[in-house]
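Trainee: From the sequence below, what's the structure:
(one chain, ligands or ions: 2)
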Amino acid sequence: MEMSDTTIAAVATPPGTGGIAVIRLSGTDAVRIFCKVWKGSDPTRWKSHTVHLGNIFDPATGSHVDEVVATLFRAPASYTGEDTIEISCHGSALIQNQITAALIKAGATAAGPGEFTRRAFLNGRIDLAQAEAIADLIAAESKGAHDLALSQTKGEFSKALATLRDRLLNLASLLELELDFSEEDVEFADRTALASTAADILAAVDRLTASYEAGQAFRQGIAIAIAGTPNTGKSTLLNYLAHDDKAIVSDIPGTTRDTIEAEAEYHGLKFRFIDTAGLRETTDKIENLGINRAIERLRSANYVFWLIDPTQPIEPQTALLRHHLDASPEITSRLYILASKADALPSPTAPCSESIPTTDIDCGETSGIGDLPARQISSRTGLGIDGLLSEIARRSTASLDPARDTLIANARHFQALTHAADSLRHLTDAMTAGLPADLLAQHLRETLHHLGAITGAITTPDILTSIFTRFCIGK
Ligand SMILES: Nc1nc2c(ncn2[C@@H]2O[C@H](COP(=O)(O)OP(=O)(O)OP(=O)(O)O)[C@@H](O)[C@H]2O)c(=O)[nH]1
Ligand SMILES: [Mg+2]
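Mentor: Numbers count the residues shown, from 1 in each chain. Ligands and ions are numbered 1, 2, ... in the order given. Got it, this is the predicted structure:
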């Protein structure tokens, strides 16, 4: 473990001017350094978790910087686990810089990104998965992302992992015992019990890896590309979804040339909607560039809304859709065909006709386009839109709830769990093949290694650096 003998300082609030700003000072020398810039009551006599009014002076020039409020957190009951002082000052950028400079002149070192949290990890206040969750919590933009990060900050995921590790350690110790007595050719570890425990643990690991897609939906949000021939109402739908006049709407086909993105929260998830240029054969150079962009976004989005305007001839529109599905068949499973402008039809809620597929379809919101299943929507009245988003939210999250279920959302965790599952499968295979205890123990150790990498029980300075440099300075 690396040691931190320096005392670090940094502004913890966002850069720029605000009502107040907070500057953090943490390390064994925090109180001694603070005394050099402080005039007020004696900080060495303060109780932990108390707040004090006083003044900050530059230790080199003696000039008055600001009247502030200082809070002391004594080790180990602080965020970092070290003595920490938080200085709340007036929020000008100048004052923030001067106070930080004063602390550095008094002996502190400027903190790097995530260095406070890195110390919290090194001092055993939190594990690595919790540290990463703190970064996610700060970045969370939707309720789902927030719930997920909060549950991981509290250590729910870490607890689930610890349970798995304990069970594995149990197995390992039985096998190690056998190895100690290898001369005698005894089996302490009942192979059937061993195999069933290994299968249990593998199932639990597989459940976690399977939750990754849902976790991603909560953490990153869901990208939906809106496509179709010109004038089908794509930009109108984008504006409706974004509650904003983002894109120009007109009755002239070919209005949108570029892709236009907008974000909004629905059902606790962040949705990113991407309006695209209407797809058609054209010789217009710019329009063609826009169409190429549109096709790229169709391929990269999580879902595609394909709009068909039922007030216009259907055949050319469905022909184009089929053409694109032939070119990019991978879109099919993520495609929603939407009959737009339902409000302009004679009877938007007409019952389903014979030719329409009726499996789990609500007649009020659906219709068919030829043999293609489609749903009716209207960006004028909102018909069919919320139901559609709610279905997508359920589908993307597999109806999991981050406040209740343990989910993973981090690529590093996903990779480690995938490796752990591989090792466990090797273990199961080795047991089936009746291989000796030392080989089984080897696979167990590998599994433990991969699980340990998630919480940081096993780690390297490189991994830590790559994780903590993603934090902001002051956290
Ligand atoms: N009645 C009705 N009209 C709509 C609806 N959505 C769009 N429109 C009209 O359809 C026309 C085209 O709308 P846009 O949103 O610009 O269509 P677009 O698909 O973005 O068109 P391009 O950018 O040219 O590809 C406009 O006159 C809209 O007012 C709807 O839900 N109901
Ligand atoms: Mg448009």
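
Trainee: Tell me if I'm right that residue 468 and residue 116 touch.
Mentor: No - Residue 468 lies out of contact with residue 116 (Cβ atoms under 8 Å); the separation is 9.5 Å. The way it works is simple: take the backbone N, C-alpha and C, and place the C-beta from them, glycine included.

Trainee: In terms of packing, which of those two has more residues around it?
Mentor: For residue 468 versus residue 116, neighbours defined as other Cβ atoms under 10 Å are more numerous around residue 116 (25 against 22).

Trainee: which residues does the more buried one contact?
Mentor: Going by Cβ atoms under 8 Å, 6 or more residues apart in numbering, residue 116 touches 8, 10, 12, 24, 26, 79, 80, 474, 475.

Trainee: and those residues, which of them are in strands?
Mentor: By the criterion of DSSP state E, membership of the contacts of residue 116 in strands covers 8, 10, 24, 26.

Trainee: Could you work out the most separated pair of those residues?
Mentor: Spatially, the most separated pair among the ones in strands among the contacts of residue 116 is 10 and 26, at 9.2 Å (Cβ to Cβ).

Trainee: Helix, strand or coil: sort out the closest residue to residue 275 other than its chain neighbours for me.
Mentor: Leaving aside its chain neighbours, residue 275 sits nearest to residue 238 (3.9 Å; criterion: Cβ to Cβ, 6 or more residues apart in numbering). At residue 238 the chain is in helix, as set by DSSP: H, G, I helix; E, B strand; the rest coil.

Trainee: OK, contacts around residue 238?
Mentor: The contact partners of residue 238, by Cβ under 8 Å, 6+ apart, come to 226, 246, 247, 260, 262, 273, 275.

Trainee: who wins for most neighbours among those?
Mentor: The most neighbours of any of the contacts of residue 238, using other Cβ under 10 Å, belong to residue 226, which has 31 neighbours.

Trainee: Spit out the contact partners of that one.
Mentor: 234, 237, 238, 273, 274, 275, 276, 304, 305, 307 are the contacts of residue 226 under Cβ under 8 Å, 6+ apart.

Trainee: Quick check: pLDDT value at the closest residue to ligand 1 within the chain.
Mentor: Nearest residue of the chain to ligand 1: residue 278, at 2.5 Å (Cβ to the nearest ligand atom). Residue 278 carries a pLDDT value of 91.

Trainee: Quick check: residues of this protein near ligand 1?
Mentor: 230-236, 249-251, 253-256, 278, 340-341, 343-344, 378-380 (Cβ under 6 Å from any ligand atom).

Trainee: Name only those of those residues that count as buried.
Mentor: 230-236, 249, 254-256, 278, 340-341, 378-379 (16 or more other Cβ atoms under 10 Å).

Trainee: So which of these is the closest to residue 268?
Mentor: Nearest member of those to residue 268, counting by Cβ to Cβ, is residue 379, at 22.8 Å.

Trainee: where does the stretch 1-150 of the chain dip in pLDDT?
Mentor: Within the stretch 1-150 of the chain, the stretches with pLDDT under 70 are 1-4.

Trainee: list residues touching both of residue 10 and residue 26?
Mentor: 111, 116.

Trainee: So between the two, which is more surrounded?
Mentor: residue 26 (29 against 24).

Trainee: List the contacts of residue 464.
Mentor: Residue 464 makes contacts with 118, 121, 128, 456, as judged by Cβ under 8 Å, 6+ apart.

Trainee: Repeat that for residue 49.
Mentor: Residue 49 touches 71, 72, 73, 74, 77, counting by Cβ under 8 Å, 6+ apart.

Trainee: Confirm the first one sits in a helix?
Mentor: No - Residue 71 is assigned strand when assessed by three-state DSSP, not a helix.

Trainee: beta partners of it?
Mentor: When bridges are called by DSSP bridges, residue 71 pairs up with residue 51, residue 86.
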